[in-house]
Structure formats: C-alpha cells, structure tokens
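# Quick one: sequence and predicted model below, then my questions.
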Amino acid sequence: MSGADIKDVLRILAKKGDLNIISDKSLRGLVNVSLDQVSIENAIDLILTSQGLSYRVVENTIVVGSVSKLNSASHIETQIFRLDNINVVSVETVLRQYLSKDEHIQVLINENMIVVKADSKKIKEFQKLIKKLDAHRVPQIVLEAQILEVSKSSLDDLGVAWNNTYGVGAAGTITDGKLSYSAGLSLETVITLLENEGKARILAKPRIKAIDREEAEIFIGDELPYIELTTDPSGRVQESVKYVNSGINLKVKPFINTNTQEIRIKIEPEVSYVNGFKGSNNDIPIVRKRRVSTTVFVKNGQTVLIGGLFNSSDTDNINRFPLISRVPVFGVFFKNNKKTNDQTELVIAITPQIVDFDLEEAIPKLLDMDSKK
C-alpha cells in the first residue's frame with residue numbers, strides 16, 4: 001500500500017487478526033506499507049512505531065495513542081492477595097517501588113492481606129511474585145536454650161517461685177504476673193553467680209532450628225548399651241543388645257506470627273540419667289527421667305523460663321574428730337552423722353529468634369521486574 005490512511009491500514013490488519021482497535025486523535029496521517037511474512041501483531045507494532053505512537057494490548061483490543069495519554073488511560077485493576085507466610089509490611093515496602101504515582105498498595109495487617117491497585121499487567125506480575133515468595137518462604141526460628149540444674153534453696157533465697165513458666169523482660173526483671181525475681185541483675189549474671197558458688201550447673205546449651213508448625217528434636221547425651229537375655233520356646237537363652245538414652249532431649253514445635261513477631265512454642269524437654277543398675281549381673285541401667293510438656297507464648301528475641309521439675313536426693317555427711325572417733329565404743333561420741341536432703345530444680349531458659357530473609361534480595365531472583373516507573 002502506498003499513501004494509505006493509517007486508520008484504514010490498522011482496521012484491515014485488526015480484522016484479519018480478529019482484533020479491535022481503539023485510538024485517539026493522534027492516530028492520523030498516511031503511510032506506505034510493504035510487509036511480507038510478518039505476523040499481524042508485528043505489522044501493527046511496526047506501523048505504529050514508525051509514526052511515533054504507542055499502544056497497549058488489553059485482551060483482544062489494541063489501544064492506540066500518545067505515551068502520556070496511554071499512561072493516564074491504563075487499564076487499572078484492584079487485586080487482593082492473602083499471604084500465608086510473608087510479612088505484609090515488608091512486602092508492601094518492597095513492592096511499592098514498582099508502582100507508578102497512579103497506582104496504590106494497602107496492607108491489612110490483622111487479616112495478613114495486601115490490596116494492590118495497579119495496571120493489569122503489573123497485577124499479573126505481582127501475582128506470580130507473591131506466589132513464588134509464599135512458596136519459598138516458610139518462617140522458621142533458631143532457638144537457643146540453656147538447661148540448668150539449680151539448688152532449690154538458692155532459688156528460694158532469690159525469691160524465684162513459679163507455677164511453670166515466666167518471661168524475661170528488661171535486664172534484671174523477671175516476671176510471670178506473680179513477681180518472681182527482680183534484683184537488678186541480668187539473667188546471665190544470676191546464672192554465673194550461682195555457678196561460681198556451686199549452686200547451679202549448666203547441663204547443656206543446645207541450639208535448634210525449627211520450621212513453622214513442624215516439630216524439631218535434638219538429643220545431647222549417650223546411648224548406653226546393655227545385654228538383654230531372653231528365653232525362646234525351646235529353652236535356649238538368647239542375647240540381644242539394647243540401648244537406653246542418658247542425657248538431654250528437647251522437642252519444640254513453633255507457631256510463628258511474623259506480623260506480630262509473636263511465637264507460640266510447644267516445648268517438651270526431658271533430662272535422663274542413670275540412677276543405678278539392676279538384673280542378675282547388676283548390669284542393666286536404671287534410668288531416671290525428668291520431663292515436662294508445656295506451651296509458651298513469647299515475643300521474638302525474648303527469653304522464657306520453664307521451671308518446676310524437682311529432684312531430691314539424700315546424702316549422709318559424717319563429721320568426726322581424727323583418731324579419737326575411731327576408738328571402739330568411745331569413738332561414737334566423737335563423730336556426728338548428719339543426713340541432708342538436697343533438692344534441685346531443672347530450669348530451662350529458651351530464647352527464640354525468627355529467621356528472616358532479605359525480600360529485596362529475593363525478589364530479583366524470583367521475578368525479573370523493571371523497577372522503572
């Protein structure tokens with residue numbers, strides 16, 4: 001075609017491609033067209049580009065006009081995204097950089113939802129992006145624990161008394177709604193003081209990573225073997241090796257709210273140790289266990305204490321005068337046999353930390369988006 005009206009040329013091409021054409025007054029003039037083995041879409045693109053015009057494709061309709069008018073007449077959509085794992089506030093901060101001045105984003109924190117008003121093409125890009133982020137990001141925590149055995153009398157002296165758990169707020173203040181301890185000292189300082197006085201010992205300091213709503217378990221200790229004898233129906237004695245655990249086992253199952261930074265944790269600590277032996281050869285270990293199962297609520301980075309697991313042991317202490325106490329008959333008057341009852345309490349200090357990742361770093365890797373507005 002030579003000297004053809006551009007409107008007529010586009011109408012012919014649109015009809016062949018089952019497309020609609022919408023244009024403003026900027027679509028005018030004559031064109032010379034000679035195209036061979038070019039698709040309808042490419043032909044329209046070449047013609048409009050040669051005339052300095054722009055266009056948008058909305059479903060099966062081509063909207064033609066100047067760049068400024070097309071931007072103001074963009075097809076705007078509103079989409080609500082419900083997020084399962086992503087912190088909506090951090091997502092809003094990152095996504096906002098991809099919006100133009102006519103596009104908007106709003107977060108609904110309590111519902112964990114995000115509302116985006118933007119160009120339909122951008123809405124689709126956000127849809128893919130959020131889906132990928134939600135699939136890749138499952139919140140998790142790193143939980144640091146200190147498991148201590150503390151003299152109950154020392155705890156009584158400090159005024160520590162709880163039902164089961166309490167939280168640690170600012171340094172030097174430990175509360176559970178019924179004041180337990182507030183002596184102007186940090187938790188670490190108190191533990192160190194008790195250790196130095198021989199009134200506390202740290203049994204273990206495990207560190208465990210757990211995924212949201214998934215149980216994680218760590219065991220620190222030994223598997224002790226012993227021989228078990230059994231008699232089969234024919235009367236033959238058979239030996240088999242069995243094992244018992246002696247040490248510290250910790251199970252945790254977190255439920256993480258990344259928006260409020262609160263964590264609900266189901267915790268099951270267990271301390272086991274050999275308390276003697278039994279069997280005909282006195283070689284089967286007797287394992288004593290202390291176990292608790294509880295659920296606590298804690299803020300990210302806050303320390304929660306679990307107590308109430310007591311152990312009691314009797315000790316015979318003999319005080320005597322050297323030599324004289326060994327004299328038959330009279331020696332009994334020069335020695336003192338005192339039986340004491342030692343009580344210890346198992347105290348577990350747990351500090352969870354939500355593990356996050358950099359959304360700004362993750363987004364370019366998951367979706368190639370043009371940040372230019």
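Ah, there it is. Numbers count the residues shown, from 1 in each chain.
# quick one: K205 and T303, what's the gap?
13 Å (Cβ to Cβ, to the nearest Å). C-betas here are computed from N, CA, C, even on glycine.
# Compare those two (neighbour count), which wins?
Applying other Cβ atoms under 10 Å to K205 and T303 shows that T303 carries more neighbours, namely 20 against 12.
# okay, that one: pLDDT?
Looking at T303, its pLDDT stands at 84.
# pretty sure it is touching P352, no?
No: judged on Cβ atoms under 8 Å, T303 makes no contact with P352 at a distance of 9.0 Å.
# so is P225 in a helix, a strand, or just coil?
Classification of P225 using DSSP: H, G, I helix; E, B strand; the rest coil returns strand.
# quick one: it and Y243 touch, right?
Yes: with contact defined as Cβ under 8 Å, P225 reaches Y243; the gap is 5.5 Å.
# next structured bit after the helix or strand in which V91 is found?
Assigned by DSSP states H and E, V91 belongs to helix 88-95. For helix 88-95, the following helix or strand on the C-terminal side (DSSP H and E) is strand 104-108.
# what does that next one contact?
When contacts are defined by Cβ atoms under 8 Å, 6 or more residues apart in numbering, strand 104-108 is touched by residues 88-89, 91-92, 95-96, 99, 113-118.
# One more: stretch 255-268?
Residues contacting stretch 255-268 (Cβ under 8 Å, 6+ apart): 85-89, 109, 112, 139-141, 143, 212-213, 215, 250-254, 291-300, 304, 306, 348, 350, 352, 354, 356.
# Just the buried residues from those, in PyMOL please.
Per 16 or more other Cβ atoms under 10 Å, the buried members of the contacts of stretch 255-268 correspond to this PyMOL selection:
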select buried, resi 86+87+88+112+139+140+141+143+212+250+251+252+253+254+292+296+298+300+304+306+348+350+352+354
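# From the contacts of stretch 255-268, which land in strands?
The strands, defined by DSSP state E, take in 140-141, 143, 250-254, 291, 294-299, 304, 306, 348, 350, 352, 354 from the contacts of stretch 255-268.
# ok so, going back, list buried residues within the contacts of strand 104-108.
Judged by 16+ other Cβ under 10 Å, buried ones among the contacts of strand 104-108: V88, V91, E92, L95, L99, I114, V116, A118.
# Could you export the residues you listed as JSON lines, including distance to Q343 and pLDDT?
JSON lines is the format used below for the buried ones among the contacts of strand 104-108 (distance: Cβ to Cβ, whole Å; pLDDT from 0 to 100):
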{"residue": "V88", "distance to Q343": "50", "pLDDT": "82"}
{"residue": "V91", "distance to Q343": "52", "pLDDT": "80"}
{"residue": "E92", "distance to Q343": "54", "pLDDT": "84"}
{"residue": "L95", "distance to Q343": "58", "pLDDT": "83"}
{"residue": "L99", "distance to Q343": "64", "pLDDT": "85"}
{"residue": "I114", "distance to Q343": "54", "pLDDT": "88"}
{"residue": "V116", "distance to Q343": "61", "pLDDT": "88"}
{"residue": "A118", "distance to Q343": "66", "pLDDT": "85"}
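# Look up the pLDDT of S246 for me, please.
Confidence at S246, expressed as pLDDT, is 89.
# and it, bridged to which residues?
Beta-bridge pairing of S246, defined through DSSP bridges, involves D222.
# ok, how many other residues are close to E228?
Counted with other Cβ under 10 Å, E228 comes out at 11.
# ok, for it, nearest residue in space, not its chain neighbours?
Take E228 and drop its neighbours on the chain: the residue closest to it by Cβ to Cβ, 6 or more residues apart in numbering is K242, 4.8 Å away.
# Roughly how far does that neighbour sit from T258?
Per Cβ to Cβ, K242 is found 44 Å from T258.
# the more surrounded of the two?
Counted by other Cβ under 10 Å, K242 and T258 do not tie: T258 has more neighbours, with 21 against 12.
# Point out where the stretch 51-200 of the chain drops to low pLDDT.
Along the stretch 51-200 of the chain, the parts satisfying pLDDT under 70 run over 58-59, 66-74, 85, 135-138, 153-190.
# all helices of it, in order?
In order along the chain, the stretch 51-200 of the chain carries the following helices (DSSP state H, counting those that start in this stretch): 67-72, 88-95, 120-136, 152-158, 187-196.
# neighbouring contacts of the second one?
Contacts made with helix 88-95 from outside it, assessed by Cβ under 8 Å, 6+ apart, are listed as 83, 105-109, 112-114, 116, 126, 129-130, 133, 259, 359-360, 363.
# Mind checking which of the residues you listed are buried?
83, 105, 107, 112, 114, 116, 126, 129-130, 133, 259, 359, 363.
# Specify which member of those is nearest to L53.
L53 lies nearest to F126 out of the buried ones among the contacts of helix 88-95, by Cβ to Cβ, at 28.2 Å.
# quick one: that closest one and F81 touch, right?
Yes: between F126 and F81 there is a contact under Cβ under 8 Å: 7.3 Å.
# and for the two, which residues touch both?
V116.
# distance of the most centrally placed residue in the chain from K209?
The centre of the chain sits closest to Q140, judged by Cα atoms, centre = their mean, with a distance of 1.9 Å. Distance, Q140 to K209, using Cβ to Cβ: 6 Å.
# got it, and E228?
In terms of Cβ to Cβ, E228 sits 36 Å off from K209.
# count of neighbours near E149?
Residues near E149, counting by other Cβ under 10 Å: 17.
# what bridges to it?
Assessed by DSSP bridges, E149 has beta-bridge partners R201, L346.
# I am assuming it contacts L346, so please confirm or correct that.
Yes: assessed by Cβ under 8 Å, E149 is found in contact with L346 at 5.9 Å.
# quick check: domain ranges of the protein?
The chain breaks down into these domains under the TED database: 4-72, 75-134, 141-160+184-312+341-357.
# So for stretch 275-282, mean pLDDT?
For stretch 275-282, the per-residue pLDDT averages 83.
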